[in-house]
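# Sequence and predicted structure are below.
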Amino acid sequence: MQKKSPKPPANQTNAKSAPTSKKLFGSGLIAVAFFVGLVAIYVSLGPSMTLFRSAGVKSASYTTSKGAPIPDHDRFSLRHYNIQGKVPVILWEPTKPFAKEVIRLGKPVVLRNTFVSQWPAIKRLNEATLIQRSGDKLFDFKILQNDKIFVYSQPKQLDQLPELNFREPFNLTYKTVKQFWEHSKTADTPNNDQKSWLYFTGCLERSEDELKEFPALLNELPNLRGFIANDKFFATNLWLGSRGVTAQTHYDQAPNFAAQVYGHKRWILSPPSEAPKMYGYPWLHPFRSQSQVDFASPSVRSIDYRARKGGIVAPTTGDDFPLFGNITAVEALMEPGDVLYIPPLWYHRVVTEDASIAINSWTDPPEGDPFARLTKLPIPAEEDWNQQQLTASLLRFFREISRRFPHLDFPGAPANTEWTFALLKQQYSTLWKNNIIPFGEGMSKKISCTLGDEKLLEPIQAKFGSRDYISEVVAALESYQDIHTQRLEFAAYIEKVTEFLLGVEHVYSFIVDCL
């Protein structure tokens, strides 16, 4: 019986065979089409609300609506940004839905006077009431020792490689909400003898299951589904943070609405075009979508906690990140009742200016998840091909896709270098540069980039002639209107496909040596 092209199972890392055409599954993004009505509102806000005003504007000095000054607890980070203004504010109507309209705008906005401003929680939820609602239940707080920077981690394929010697960036501690609040009173002050900060996120409601960690709070937060643009996927969460805790600069793949319930948070947002300056972790890394650079350090170095603890990898320096700095950004200070929209792949850094209670909700876009559609497309490969044939097919596949898009220059890269390929090489080269285990002595293996003889290439030619694989992928990527979003998602797609076909041990060599 003739073999068919293999198909990977959903969410499996190293499976290499399945009965039908090869497909991939992943988490989603949005095709950001401009919504005409909201664009008109956005533009009508006037010059002071323009997304990017003149260059060189320093971070704003914020006060609350009551006039109290808000200090900046992440001052070292701000020196790396070129903050060009504040995120525009739109006054909404409490009874009017906003999720679909705002997502189609495709830009960050702060919404006021939405249904969130009518939540009982805005008036009633504070230290005392949250303690009362949660009782003696223990929650798993992330404890950030000697550091205020929260780096998110999730199991991913690259943590299998011994040369990365991966470690979790935080420890867990189980505390009641009352204990958290007592700790928060001394966090980020000289009285914080333990030099520790606490951070918590817990599920309020999500599409996959019925898990709800704070059911007693739901009456205080009516109409949580108002954040949802598509019922196929959503996840709404509660966030508690000590004063001074800062989320490492990162992006999300899904549209994100963040609502402030208590306290204040400062958000610094940068567009996807700033990706070359961010030195992001690869999509296959447990820290994916986050910057590799420690913004908060007085000297530029890696955020990798192993470099800080010493003896495991050589510390990085500013020379390892030559493009880092002068990052274009806008910022917003969130007060109780505010809702911030963060578009997919917009980088953001989040600073907890005082003890904070916040809600966020990730949702699929109204038109569905284009990245999921992208990763379900067939790949030009056969299950019985050898490694050289798979490599040759992937090189042709990715190169032909890249030629369908207008050329973008990547800073510091040789002329005519494809932007996506240059970004991937930057991410992987920086990550591997200071490994304790030299390349080739760990699990990673070199791969041959030669295309092979004519006979070896004949099945590849026939495969490409049997279906227009290129146009299908290009059409999926073009559903993202922003050209840099297209390239970033193309980069994630390259990693995912390469890992699936060649194995995680060959991803580094394929990207650095072959692309």
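That came through fine. Numbering: from 1, shown residues only.
# from here on, contacts and neighbour counts on C-alpha atoms
OK.
# wait, Y279 sits on F295?
No: using CA atoms under 8 Å, Y279 makes no contact with F295, being 11.4 Å away.
# In this protein, which helix is the longest?
For the chain, the longest helix by residue count, based on DSSP state H, is helix 483-502.
# Could you list the alpha-carbon positions for that one in PDB?
Output of helix 483-502 as PDB, limited to C-alpha atoms (Å, rounded to 0.1, in the frame of the first residue of the first chain):
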ATOM      1  CA  ILE A 483       3.700  43.000   7.600                       C
ATOM      2  CA  HIS A 484       5.800  42.400  10.700                       C
ATOM      3  CA  THR A 485       3.100  40.300  12.400                       C
ATOM      4  CA  GLN A 486       3.200  38.200   9.200                       C
ATOM      5  CA  ARG A 487       6.900  37.700   9.500                       C
ATOM      6  CA  LEU A 488       6.800  36.900  13.300                       C
ATOM      7  CA  GLU A 489       4.200  34.200  12.700                       C
ATOM      8  CA  PHE A 490       6.100  32.900   9.700                       C
ATOM      9  CA  ALA A 491       9.100  32.500  12.100                       C
ATOM     10  CA  ALA A 492       7.000  30.500  14.600                       C
ATOM     11  CA  TYR A 493       5.700  28.400  11.800                       C
ATOM     12  CA  ILE A 494       9.200  27.600  10.500                       C
ATOM     13  CA  GLU A 495      10.300  26.500  14.000                       C
ATOM     14  CA  LYS A 496       7.200  24.300  14.500                       C
ATOM     15  CA  VAL A 497       7.500  22.600  11.100                       C
ATOM     16  CA  THR A 498      11.300  22.100  11.400                       C
ATOM     17  CA  GLU A 499      11.000  20.600  14.900                       C
ATOM     18  CA  PHE A 500       8.300  18.300  13.700                       C
ATOM     19  CA  LEU A 501      10.000  17.000  10.600                       C
ATOM     20  CA  LEU A 502      13.700  17.000  11.600                       C
END
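# Just list what that helix packs against, helices and strands only.
When contacts are defined as 3 or more CA pairs under 8 Å, 6 or more residues apart in numbering; DSSP states H and E, helix 483-502 sits against helix 387-403, helix 419-432, helix 469-477, helix 507-509.
# swap the cut-off to 10 Å and go again
helix 275-278, helix 370-375, helix 387-403, helix 419-432, helix 469-477, helix 507-509 (3 or more CA pairs under 10 Å, 6 or more residues apart in numbering; DSSP states H and E).
# on that earlier part again, list residues touching both of Y279 and F295?
Counting by CA atoms under 10 Å, 6 or more residues apart in numbering, the contacts common to Y279 and F295 are 302, 324.
# circling back to that earlier point, of the helices and strands packed on helix 483-502, flag the one that's most buried.
Among those, the stretch with the highest mean neighbour count (mean count of other CA atoms under 10 Å) is helix 507-509, at a mean of 24.
# how about the strands in the stretch 301-450 of the chain?
327-334, 339-342, 347-352, 356-363 (DSSP state E, counting those that start in this stretch).
# S448: which of those is closest?
In terms of CA to CA, the element of the strands of the stretch 301-450 of the chain nearest to S448 is strand 347-352, at 35.2 Å.
# how far off strand 327-334 does that closest one point, in degrees?
Relative orientation of strand 347-352 and strand 327-334, computed by axes from the mean of the first three to the mean of the last three CA atoms, to 10 degrees: 40 degrees.
# which residues in the stretch 51-200 of the chain form strands?
81-86, 89-91, 109-112, 139-145, 149-150, 171-175, 196-206.
# and those strands, which one's lowest on average pLDDT?
When the strands of the stretch 51-200 of the chain are ranked by mean pLDDT, strand 139-145 comes last with a mean of 80.
# Pull out the buried positions in that strand.
139-144 (16 or more other CA atoms under 10 Å).
# tell me how far that strand is from the chain's mean position?
Distance of strand 139-145 from its chain centroid, counting by CA atoms, centre = their mean, to the nearest Å, is 21 Å.
# okay, that strand in CSV with CA atoms only?
C-alpha atoms of strand 139-145 as CSV (Å, rounded to 0.1, in the frame of the first residue of the first chain):
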residue,chain,number,x,y,z
PHE,A,139,-3.0,29.5,46.4
ASP,A,140,0.2,28.9,44.5
PHE,A,141,2.0,32.2,44.3
LYS,A,142,5.1,32.7,42.3
ILE,A,143,7.9,33.9,44.5
LEU,A,144,10.5,36.1,42.9
GLN,A,145,13.6,35.9,45.0
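# Partner strands of that strand and their direction?
strand 171-175 (antiparallel), strand 196-206 (antiparallel) (DSSP bridges).
# Poorly predicted segments of the stretch 401-515 of the chain, please.
Applying pLDDT under 70 to the stretch 401-515 of the chain picks out residues 434-443.
# again with the stretch 1-150 of the chain
Using pLDDT under 70, the stretch 1-150 of the chain drops low at 1-76, 145-147.
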